[in-house]
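Asks: what's the 3D shape of this:
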Amino acid sequence: MRYAMAVDTKKCVGCSDCVVACQTENDVPIGYCREWVVEVVDGTYPQLEMEIRSERCNHCKNSPCVRCCPTGASHYSDGGIVLVNSKKCIGCGACVALCPTKILYLDETENVCRVSDELRCDKRRGCERVCPTGAIKIH
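Replies: Okay, the predicted model is just below:
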């Protein structure tokens, strides 16, 4: 079984509650994030359109961060969720360099790459729980 996350961009109001929930649940340090809100403005004044999108790790099916890891620390968990096992990580940073969404980071205090060893979107679903408009759905 592979998990999926859908974000209804018509419902997203850009409040960033999902960003805070993800950072809190997964102990992501200040200055880094695994989830973020993007505002895209299109058009020419006065005919402007704005789209607000909540974006995050795509847990790619053929993930470059998993493919490049020399120790197998970057791996797929149940449901296709990308994780980093800090006990296997040597801190080479290859996964950080190749991550297409730039959510991986090098934890310099422990010299290991991080997504989060504890990330379990399939169970916690903090971002889905806190969304005031119901824009986020995890299946």
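Asks: okay, now the unreliable bits of this protein?
Replies: For the chain, applying pLDDT under 70 flags the ranges 1-4, 115-124.
Asks: please enumerate the strands of this protein.
Replies: Counting by DSSP state E, the chain has strands at residues 5-7, 35-44, 47-56, 74-76, 82-84, 105-107, 112-114, 136-138.
Asks: ok, D8 to V37 distance?
Replies: Applying Cβ to Cβ, to the nearest Å, the value for D8 to V37 is 14 Å. No exception for glycine: its C-beta is placed from N, CA and C like everyone else's.
Asks: count of neighbours near the residue nearest to N85 when sequence neighbours are not counted?
Replies: Spatial nearest neighbour of N85, chain neighbours left out: A73 (4.8 Å); criterion: Cβ to Cβ, 6 or more residues apart in numbering. A73: 22 surrounding residues under other Cβ atoms under 10 Å.
Asks: look up how far V84 lies from A73.
Replies: Applying Cβ to Cβ, the value for A73 to V84 is 5 Å.
Asks: overlap in contacts of those two?
Replies: When contacts are counted by Cβ atoms under 8 Å, 6 or more residues apart in numbering, A73 and V84 have C95, V112, C113 as shared neighbours.
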